[in-house]
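J.: based on what follows, work out the 3D shape:
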Amino acid sequence: MANKDPVLSPSLPWKTRISVGLLSFVTDTARRNNGTINRRFLRLFEIKSPTTPSPVKGVSSSDYTLDSSRNLWFRVFVPSSASASAPKSLPVFIFFHGGGFAFLSPDAFAYDAACRKIARKTPAIAVSVNYRLSPEHRYPCQYEDGFDVMKYLDGEGALPEEADVSKCFLAGDSAGGNLAHHTAVRVSEEREKFKAVRVLGLVTIQPFFGGEERTEAELRLRTAPIVELQRTDWMWKAFLPEGSNRDHEASNVSGPRGKDISGLANFPKTLVFVGGWDPLQDWQRKYHQWLKKSGKDAELIEYPDMIHAFYLFPEIPESHQLFTQVKDFVLNCITNSK
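T.: Next comes the predicted model:
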């Protein structure tokens, strides 16, 4: 029977509805009751984008492996405009994909397209990180991978000469937004270990935070697309250390066990995106409020009619608006850093 409750029926293009329905079916079927994932089944439905040494839509791409033993690699996106740029003139946009820490990768079609758009539109050198996935690899593996990429970029020559790592931006959506935040915290804590890298900004697109408390939005939108309550509970259980609950510092960053960042003078300016049909929205607003209370420069942008991960669907007009706002944020941070 169709759901007659209008609260649970966001208006979406049919193309988006079909994509979201397929994504939900695949991830739900792949998740096992024993807490593992059927990766073989997932591969049947994966749509991968190859690298493009010759530019496609104004952007070329290539992959670099840091550590094959843990499948740690990243995809670099270079806009065609870089060839006309002076050395060390383009910002570096380090991106962590979503997927509840358990799914997807930089070469997934949607994330390849998103990073390609960021590289072209900003313009910037975009670096999309392939971190280890849960439940095979639990916390803090993903955070260690994020930090190791930052250290690598600080000292290695994997990026084109146009890349200026003194103008770095950490970014991610959903679980990737969580990962970007924690990477920013550690880079700020260990600033003395970095010679060249300087993080100017943090972009969190509907970041995946949570806690034991059930918020109003989680209850009201408990069957909303992509991040309905049962799925997110499973993802936290698969990611957090055995015996932990959702008030762990990794998930409930603004809770009583969260890390105090008020003393981190170089924590970057932060942009937080929130969607009105996203069950996680209350946690995202709490995150923004916590940043402000901690003395950090933080901006909140709300999309009242948008679902979780809406920006990955180009048929949704608001998707294009978000990319423009990210570009404006990057340029503003660079201007104010001079």
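J.: remind me which residues of the stretch 201-338 of the chain are low pLDDT?
T.: In the prediction, the stretch 201-338 of the chain carries no residues with pLDDT under 70.
J.: can you give me the helices for it?
T.: 216-220, 229-239, 281-293, 317-337 (DSSP state H, counting those that start in this stretch).
J.: quick one: closest of the ones you listed to residue 127.
T.: For the helices of the stretch 201-338 of the chain, the distance to residue 127 is smallest for helix 317-337, at 13.9 Å, taking Cβ to Cβ. For every residue, glycine as well, the C-beta is placed using N, CA and C.
J.: which strand in the protein has the most residues?
T.: Under DSSP state E, the strand in the chain containing the largest number of residues is strand 163-173.
J.: can you give me how far that strand is from the chain middle?
T.: Relative to its parent chain, strand 163-173 has a centroid offset of 13 Å by Cα atoms, centre = their mean, to the nearest Å.
J.: going by neighbour count, list what's buried in the helix or strand following that strand.
T.: Per DSSP states H and E, the first helix or strand lying C-terminal to strand 163-173 is helix 175-189. By neighbour count on 16 or more other Cβ atoms under 10 Å, the buried set for helix 175-189 is 175-188.
J.: got JSON lines for these, with distance to residue 227 too?
T.: JSON lines is the format used below for these (distance: Cβ to Cβ, whole Å):
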{"residue": "175", "distance to residue 227": "10"}
{"residue": "176", "distance to residue 227": "13"}
{"residue": "177", "distance to residue 227": "12"}
{"residue": "178", "distance to residue 227": "12"}
{"residue": "179", "distance to residue 227": "16"}
{"residue": "180", "distance to residue 227": "17"}
{"residue": "181", "distance to residue 227": "17"}
{"residue": "182", "distance to residue 227": "19"}
{"residue": "183", "distance to residue 227": "21"}
{"residue": "184", "distance to residue 227": "22"}
{"residue": "185", "distance to residue 227": "23"}
{"residue": "186", "distance to residue 227": "26"}
{"residue": "187", "distance to residue 227": "27"}
{"residue": "188", "distance to residue 227": "28"}
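J.: closest one to residue 202 out of these, please.
T.: Using Cβ to Cβ, residue 184 comes nearest to residue 202 of the buried residues of helix 175-189, at 4.9 Å.
J.: which ones are touching the closest one?
T.: Going by Cβ atoms under 8 Å, 6 or more residues apart in numbering, residue 184 touches 170, 199, 202, 267-268, 270.
J.: which of the residues you listed tops the neighbour count?
T.: Counting neighbours by other Cβ atoms under 10 Å, residue 202 leads those with 30 neighbours.
J.: so residue 65 sits in a helix?
T.: No: with DSSP: H, G, I helix; E, B strand; the rest coil as the criterion, residue 65 is located in strand rather than a helix.
J.: that one contacts residue 75, doesn't it?
T.: No: the criterion here is Cβ atoms under 8 Å, and residue 65 misses it with residue 75 at 10.8 Å.
J.: in the stretch 1-150 of the chain, where is pLDDT below threshold?
T.: Along the stretch 1-150 of the chain, the model assigns pLDDT under 70 to residues 1-9.
J.: all strands for the chain, in order.
T.: 59-67, 72-79, 90-96, 125-130, 163-173, 199-205, 269-275, 298-303.
J.: output the ones you listed as JSON lines; include the columns distance to residue 262.
T.: Below are those laid out as JSON lines (distance: least, Cβ to Cβ, whole Å):
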{"stretch": "strand 59-67", "distance to residue 262": "32"}
{"stretch": "strand 72-79", "distance to residue 262": "31"}
{"stretch": "strand 90-96", "distance to residue 262": "24"}
{"stretch": "strand 125-130", "distance to residue 262": "28"}
{"stretch": "strand 163-173", "distance to residue 262": "19"}
{"stretch": "strand 199-205", "distance to residue 262": "16"}
{"stretch": "strand 269-275", "distance to residue 262": "14"}
{"stretch": "strand 298-303", "distance to residue 262": "13"}
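J.: select, out of these, the one closest to residue 20.
T.: Of all the strands of the chain, strand 269-275 sits nearest to residue 20, with 13.1 Å by Cβ to Cβ.
J.: what does the closest one contact?
T.: By Cβ under 8 Å, 6+ apart, strand 269-275 touches 181, 184, 200-207, 281, 284-285, 287-288, 291, 296-304, 306-308, 310-311, 322, 325-326, 329, 333.
J.: quick one: buried ones out of these?
T.: Buried members of the contacts of strand 269-275, counted by 16+ other Cβ under 10 Å: 181, 184, 200-207, 281, 284-285, 287-288, 291, 296, 298, 300, 303, 306-308, 310-311, 322, 326, 329, 333.
J.: if we can go back for a sec, of all the strands of the chain, which one is nearest residue 235?
T.: The closest of those to residue 235 is strand 163-173. By Cβ to Cβ, the value is 14.3 Å.
J.: could you list the buried residues of that closest one?
T.: Buried residues in strand 163-173 (16+ other Cβ under 10 Å): 163-165, 167-173.
J.: can you list the strands that it pairs with?
T.: strand 90-96 (parallel), strand 199-205 (parallel) (DSSP bridges).
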